[in-house]
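S.K.: dropping a prediction and its sequence here:
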Amino acid sequence: MDTPRHTRTSVRTAACHCGGLRLTVTCDPSWTNVCHCKACQRRTGAVIHSGAYFLQTDVTVDGPTKTYARPADSGYAIAFHFCPECGSNVYWEASRFPRYYGVAVGAFADPGFPAPRISVYESRRHSWIRLPAGIRTYDKDPA
């Protein structure tokens, strides 16, 4: 993935729909991506997923979670953390990136959030989706 960028910014907060599960981050993401795989489409209920990755040491988790774990299409294990009250998936842990939390960009509800730099599973992208110029694309998950 991208070289980590641990630029300090103003503090950002991601939250579930009911506000019971909140994550506070103290830096810009190391990388942000979009994914078009079927699992992400089904998990989010959207045609595209956007995730941001932060070192766990830069994230504070507040509130209870329920976890659902499964193997990712890449073969690595992934554990999704949901709010047990409203069911929103706010963050995940992927064994492929053991020191990072992935956080749903939509949970920040911040239109100024950094744009994605990587797009994966382009083979599953809906034909009408247009991505930013210069984004790196991969037919599947990059090795």
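M.R.: Done, it's in.
S.K.: any idea how far residue 26 is from the residue lying closest to residue 100 once chain neighbours are set aside?
M.R.: Leaving aside its chain neighbours, residue 100 sits nearest to residue 53 (4.7 Å; criterion: C-beta to C-beta, 6 or more residues apart in numbering). Backbone N, C-alpha and C define where each C-beta goes, glycine included. From residue 53 across to residue 26, the span is 14 Å (C-beta to C-beta, to the nearest Å).
S.K.: beta partners for the spatially most central residue of the chain?
M.R.: Nearest to the mean C-alpha position of the chain, counting by C-alpha atoms, centre = their mean, stands residue 51 at 2.2 Å. Beta bridges link residue 51 to residue 33, residue 104 when assigned by DSSP bridges.
S.K.: right, and it touches residue 104 too?
M.R.: Yes - using C-beta atoms under 8 Å, residue 51 is in contact with residue 104, at 6.3 Å.
S.K.: count of neighbours near residue 84?
M.R.: Neighbour count for residue 84, taken as other C-beta atoms under 10 Å: 14.
S.K.: so it sits in a helix?
M.R.: No - when DSSP: H, G, I helix; E, B strand; the rest coil is applied, residue 84 is found to be coil, with no helix at that position.
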